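Colleague: The sequence and its predicted three-dimensional model are supplied below.
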Amino acid sequence: MAQLNAGITHEAAFNLLSEHNKDPFHIEHAETVEQTMRYFAREYDPENEEFWGIVGLLHDLDWEEHDDDPMNHTIYAAKDIEAAGGSPELIRAIQTHTSDFNTSLPRPELMMEKILFATEELTGLIGAAVVMRPSKSVMDFNVKSLKKKFKDKRFAAGVSRDVIRSGAEMLGWELDELFARTIVAMQSFAPDRDSFVAE
């Protein structure tokens, strides 16, 4: 795999995230997606783990400030990322995760982009389900419990099941495989945090 250049350091990316996001929930979501991306990068593209991580960290950069304009989600972010020195590859990768909603944006092509598309909403669903558990921990969470929550349309209603389904399809994975692998990814960094925060 070719070396991918984000154009900005992890520290600069985190500062940019903090500048545009004040809600701890949004920052935690960004960090969860970052760590999930890093987990999969170590399997599929280890030399670009930092790039995958920064994509995850900044994927929703503009959501808090512009959630009233979902059609332009990631388009606002592109200007801020570019101004901070972010590369065109970084912007492109981030924009692919909302291409189902705004079809003028690039579709996921690289493995990294497909993983972001498939897991971003799913990590939110897993996080919401984990909060309801007595342990508040992903460590004792399993596919069976996740499938139950996935089928219940009223649970975490803002999470698009269609996006998760089409993400699995893009990767050529069964839904159960996507569920299992994303849970394992989240378990890989769960010990670093006390619990998932209920919002």
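Modeller: Thanks, I have it.
Colleague: Ser145 and Ala129, how far apart?
Modeller: 7 Å (Cβ to Cβ, to the nearest Å). Using the backbone N, CA and C atoms, a C-beta is placed for each residue, glycine as well.
Colleague: More neighbours: those two, which one.
Modeller: Per other Cβ atoms under 10 Å, whichever of Ser145 and Ala129 has more neighbours is Ala129, with 20 against 17.
Colleague: which secondary structure elements does the helix or strand that Met112 is a member of contact?
Modeller: Here Met112, judged by DSSP states H and E, is contained in helix 111-131. If contacts are counted by 3 or more Cβ pairs under 8 Å, 6 or more residues apart in numbering; DSSP states H and E, helix 111-131 sits against helix 24-44, helix 49-58, helix 88-96, helix 143-151, helix 161-171, helix 175-189.
Colleague: Buried ones in it, by neighbour count?
Modeller: 111-130 (16 or more other Cβ atoms under 10 Å).
Colleague: List the residues that contact the spatially closest residue to Lys149 that is not a sequence neighbour.
Modeller: The shortest distance from Lys149 to any non-neighbouring residue, by Cβ to Cβ, 6 or more residues apart in numbering, is to Ala129 (4.5 Å). Counting by Cβ atoms under 8 Å, 6 or more residues apart in numbering, Ala129 touches Phe141, Ser145, Leu146, Lys149, Phe155, Ala156.
Colleague: Just among the residues you listed, which is most surrounded?
Modeller: Leu146 (22 neighbours).
Colleague: Can you name the residues that contact it?
Modeller: Applying Cβ under 8 Å, 6+ apart, the residues near Leu146 are Leu125, Ile126, Ala129, Phe179, Ile183.
Colleague: swap in Phe40?
Modeller: Trp52, Met112, Ile115, Thr119, Arg181, Ala185.
Colleague: Return the member of those nearest to Ser137.
Modeller: Ala185 (15.0 Å; Cβ to Cβ).
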